[in-house]
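[1] Got a sequence here, can you build the structure:
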Amino acid sequence: MGACTICGKPAGLLNKICDECKEKDRLAKIAEQERYDAEKRRQAEEHKRIAEEERALKAEQQRAREEAARVARENKITAAIEALKSRLKNGEHVFIYNSFYVPVDSVLQNNEFASNFDITFLKKAGLLGWEVVGIIPRTIGIDLQNRVIGDFSNTAVSYGGGIGGNVAGVHILVKKELSFAMLETADDELISSLEGIAF
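    Have a look, this model is predicted:
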């Protein structure tokens, strides 16, 4: 019988390590694996915590950017309204403009663009102070083709001209004169007109 190469105790027939040392080695490996697994879990939790903190930071930065943009937009609109009030006090006329699109009851190649020419919304706009100042037609054109038919494998198609200027609808340009009352209420319509304009 040989001696255990670790502790020197009897190892048994043809063994180099005794049962006690084998058990200690097995338990040590289990403990090492548990430490490794625990460290992996700790690292994963740390990565998750860092990722959540980064997401929270980015979200906070985005909120801050949005708030700064909102404040800057409000400041610009307030400055624009004050500038317009000053112009009105000086007796100047100030207008806002808008456009509406209305399809026209045209027919082209048996296709109707609209069943009728409906200006109901334009009537309402007129009652709200909008005045028509221009109309721009929207036209469409179609290609005409020449077909030359030969045998079954030979059909030629060539451009044969076109039909243009077919009115499909109209863009109606309208304007409304600004008043102090409109500047005091500053509804979405007015604010959208003021955005992007430097005063």
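
[2] quick check: domain ranges of this protein?
    1-93, 95-177 (automatic domain parsing).

[3] Quick one: mean pLDDT over the one helix or strand Lys176 maps to.
    Taking DSSP states H and E as the criterion, Lys176 maps to strand 155-177. Averaged over strand 155-177, pLDDT sits at 79.

[4] ok so, going back, Asp188: which of the domains of the chain is closest?
    When the domains of the chain are compared by CB to CB, domain 1-93 sits nearest Asp188, at 11.1 Å. Yep, even glycine has a C-beta here, placed from its N, CA and C like the rest.

[5] what distance separates that closest one from the centre of its chain?
    29 Å (CA atoms, centre = their mean, to the nearest Å).

[6] show me where this protein has helices.
    Along the chain, the stretches classed as helices by DSSP state H are 19-89, 120-127, 180-185, 188-194.

[7] which one of those helices is the most hemmed in?
    Sort the helices of the chain by mean neighbour count, taking mean count of other CB atoms under 10 Å, and helix 188-194 sits at the top with a mean of 14.

[8] returning to what we had before: compare the domains of the chain and give me the one nearest Leu194.
    domain 1-93 (4.6 Å).

[9] okay if I get the domains of the chain as CSV plus distance to Leu183?
    Formatted as CSV, the domains of the chain follow (distance: least, CB to CB, whole Å):
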stretch, distance to Leu183
domain 1-93, 5
domain 95-177, 11
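
[10] so where is the chain shaky, pLDDT-wise?
    Applying pLDDT under 70 to the chain flags residues 1, 108-114, 148-164, 196-199.

[11] that older thread, so which of the helices of the chain gets nearest Phe95?
    Closest approach to Phe95 among these (CB to CB): helix 188-194, 9.5 Å.

[12] tell me how far that closest one is from the chain's mean position?
    21 Å.

[13] returning to that earlier point: what's the closest of the domains of the chain to Ile191?
    domain 1-93 (5.8 Å).

[14] got the contact list for the nearest residue to Val132 once chain neighbours are set aside?
    The shortest distance from Val132 to any non-neighbouring residue, by CB to CB, 6 or more residues apart in numbering, is to Val174 (5.6 Å). Neighbour list for Val174: 97-100, 122, 125, 130-133 [criterion: CB atoms under 8 Å, 6 or more residues apart in numbering].
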